[in-house]
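Engineer: Provided below are the primary sequence and the corresponding predicted coordinates.
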Amino acid sequence: MARISSKAASHKKLSKEMMRSVKRALKNAYAPYSKVSVAAALYCGSGRIHTGCNVENSSYSLTICAERVALFKAISEGEKRFVLLLIHSPQVDFILPCGACLQVLNEFAPDIVIATMNKKNEFHFHPLKALLVKPFKLHK
């Protein structure tokens, strides 16, 4: 987990640290079934970056995505505010989160921006609300 001072962090410094973090996390991906390794770096309001990678299982429903690993790690460390999620896969340019990840992100970070990156370190940015237009909500 990296930490970037919110006062001193320039966008350039943050993007470089996010890219380094996501590429480090990618080394731990376990994807023997899909052959698609994915890593995520979650920038939090505290200035910390939490990472995650996908971990597959032969019982496919027990697989967990990189995005949820990063988010759950951050939550377990007491994070409450989530600013930016960077996702990267060397096999899929500009990979997007699955529906389950989008729904979980909506629960904890409905205003988050999701950045996706290709092999050339180019980015696409998506507000979560643009990717998950009608999230599931319990009616109270």
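Structural biologist: Nice, I can see it.
Engineer: contacts and neighbour counts: CA atoms only from here.
Structural biologist: Fine.
Engineer: residue ranges of the strands in the protein, please?
Structural biologist: Taking DSSP state E, the strands of the chain run over residues 2-3, 39-44, 48-53, 82-88, 113-117, 123-127.
Engineer: for the helix ranked longest in the chain, packing partners?
Structural biologist: Secondary structure of the chain read by DSSP state H shows that its longest helix is helix 11-26. Using 3 or more CA pairs under 8 Å, 6 or more residues apart in numbering; DSSP states H and E as the contact test, the elements touching helix 11-26 are strand 39-44, strand 48-53, strand 82-88.
Engineer: tell me which of the strands of the chain sits most buried.
Structural biologist: Using mean count of other CA atoms under 10 Å, the stretch among the strands of the chain with the largest mean neighbour count is strand 39-44, at a mean of 29.
Engineer: in its sheet, what does that one sit against?
Structural biologist: Strand pairing for strand 39-44, using DSSP bridges, gives strand 48-53 (antiparallel), strand 82-88 (antiparallel).
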